[in-house]
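Q: kindly generate the corresponding structure for this input.
(one chain, ligands or ions: 2)
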Amino acid sequence: MPAFSTYAAGTAVSKEPDRLFAQPLAQVPDFAFNEDVVRVFPDMIKRSVPGYPTIVENLGVLAAQFAQPNSVLYDLGSSLGAVTQALRRHVRTDGCRVIAVDNSAAMVERCREYLNGQDSMFQELLPVEVIEGDILALDFQPASVVALNFTLQFIAPEQRTALLSRIHQSLLPGGALILSEKLRFNDPEEHALLTDLHVAFKRANGYSELEIAQKRSAIENVMKPDSLEEHRERLLAAGFSKVVPWFQCLNFASLIALP
Ligand SMILES: Nc1ncnc2c1ncn2[C@@H]1O[C@H](C[S@+](CC[C@H]([NH3+])C(=O)[O-])CC(=O)[O-])[C@@H](O)[C@H]1O
Ligand SMILES: O=C(O)C(=O)Cc1ccccc1
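A: Ligands and ions are numbered 1, 2, ... in the order given. As a prediction, this is how the structure comes out:
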């Protein structure tokens, strides 16, 4: 048996249920990654993003195939460090270290606590540094793996190509960018069907119609999904040579982009 299988040996995280949008709000404020969201985030993301646990754990497995000795593995928009923890469970390459970056102070504070928890449970984990900062202002070091796990969709659309170009420039031969995003679909029928099925997924996970509607209005100004075609074209424009989708569940997908 390997030390860590894809049936994750996770460390303890908050189990507080997400009820943030359960009561009617006179005005729904724009979604922000604040203390209230941090408290319920593990529950929120699992009940909102179909395939999330599978994507996170397998991101570690994929990363182990691309990690190069003595290089950096970036977790950009790390939130509570779920991807960082998966990287540390699966990557065994000599001299690698993880840099997790998020611009939410509340997320970063809790992320550091959870990573301390992982350090106290397991030995010989890759060293990790958690930076509170804007990934658009990051000075990238030579990297073999860059994970953008549901983060690019929160970056202003006009900034996305420049960010991906900078990531491409930092990637070492043999490395990869792993990009997970909610998708939009150009075909209206396909878009409506997968959006309805995502609503059914949320309902099945215990969210009410009110919670679903209020969350939708909270995120509509701050989260702008692209189509798979737009992602592919932008990645190629940023210098990537190959774009390979490796996972899709309803309107959520993850891609491997090779330098
Ligand atoms: N410019 C920015 N600079 C740094 N961080 C940012 C920026 N913009 C947004 N963020 C951060 O990106 C994260 C997006 S959540 C990622 C989930 C995680 N990857 C996970 O696998 O659990 C996705 C979601 O909640 O759907 C938040 O923590 C923001 O603070
Ligand atoms: O809830 C949704 O509809 C989403 O698209 C995903 C999500 C998950 C967590 C925070 C913001 C958006």
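Q: what are the ranges of the helices in the chain?
A: Here the chain has its helices, by DSSP state H, at 35-48, 52-66, 82-90, 105-121, 160-170, 188-204, 209-219, 228-237.
Q: mind putting those into TSV with mean neighbour count?
A: C-betas here are computed from N, CA, C, even on glycine. Shown next, in TSV, are the helices of the chain (neighbours: other Cβ atoms under 10 Å):
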stretch	mean neighbour count
helix 35-48	18
helix 52-66	20
helix 82-90	27
helix 105-121	17
helix 160-170	19
helix 188-204	14
helix 209-219	16
helix 228-237	17
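Q: just put those helices in a markdown table and tack on distance to ligand 2 and mean pLDDT.
A: Below are the helices of the chain laid out as a markdown table (distance: least, Cβ to the nearest ligand atom, whole Å; pLDDT from 0 to 100):
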| stretch | distance to ligand 2 | mean pLDDT |
| --- | --- | --- |
| helix 35-48 | 4 | 98 |
| helix 52-66 | 9 | 98 |
| helix 82-90 | 12 | 98 |
| helix 105-121 | 11 | 97 |
| helix 160-170 | 17 | 98 |
| helix 188-204 | 7 | 98 |
| helix 209-219 | 5 | 98 |
| helix 228-237 | 16 | 98 |
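Q: out of those, nearest to residue 154?
A: Residue 154 lies closest to helix 209-219 among the helices of the chain, at 9.2 Å (Cβ to Cβ).
Q: quick check: the residue of the stretch 51-200 of the chain nearest ligand 1.
A: residue 77 (2.8 Å; Cβ to the nearest ligand atom).
Q: let me see the contact set for residue 34.
A: Applying Cβ atoms under 8 Å, 6 or more residues apart in numbering, we find residue 34 in contact with 104, 106.
Q: use 51 as the first number for this chain going forward.
A: Will do, 51 is the new start, and the previous item becomes residue 84.
Q: check contacts around the closest residue to residue 245 other than its chain neighbours.
A: Distance criterion Cβ to Cβ, 6 or more residues apart in numbering; nearest residue to residue 245, sequence neighbours excluded, is residue 301 at 6.5 Å. Residues near residue 301 by Cβ under 8 Å, 6+ apart: 232-235, 244-245, 247-248, 275.
Q: state the distance from residue 301 to ligand 1.
A: 13 Å (Cβ to the nearest ligand atom, to the nearest Å).
Q: how near is that residue to residue 231?
A: Remark: distance between residue 301 and residue 231 (Cβ to Cβ, to the nearest Å) = 9 Å.
Q: now swap in residue 102 and tell me
A: 12 Å.
Q: over to residue 208?
A: Separation of residue 208 from residue 231 (Cβ to Cβ): 17 Å.
Q: just residue 241 next, same as before
A: For residue 241 relative to residue 231 (Cβ to Cβ), the value is 15 Å.
Q: ditto for residue 180
A: Distance of residue 180 to residue 231, computed by Cβ to Cβ: 23 Å.
Q: residue 248 now?
A: Here the criterion is Cβ to Cβ. By it, residue 248 lies 13 Å from residue 231.
Q: wait, what's in contact with the residue most central in space within the chain?
A: Nearest to the mean C-alpha position of the chain, counting by Cα atoms, centre = their mean, stands residue 199 at 2.0 Å. Applying Cβ under 8 Å, 6+ apart to residue 199 gives the contacts 105-106, 109, 125, 127, 132-133, 228, 230, 304.
Q: about what we covered before: now the helices of the chain in CSV, with distance to residue 54?
A: Output for the helices of the chain, formatted as CSV (distance: least, Cβ to Cβ, whole Å):
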stretch, distance to residue 54
helix 85-98, 19
helix 102-116, 8
helix 132-140, 4
helix 155-171, 11
helix 210-220, 26
helix 238-254, 27
helix 259-269, 32
helix 278-287, 30
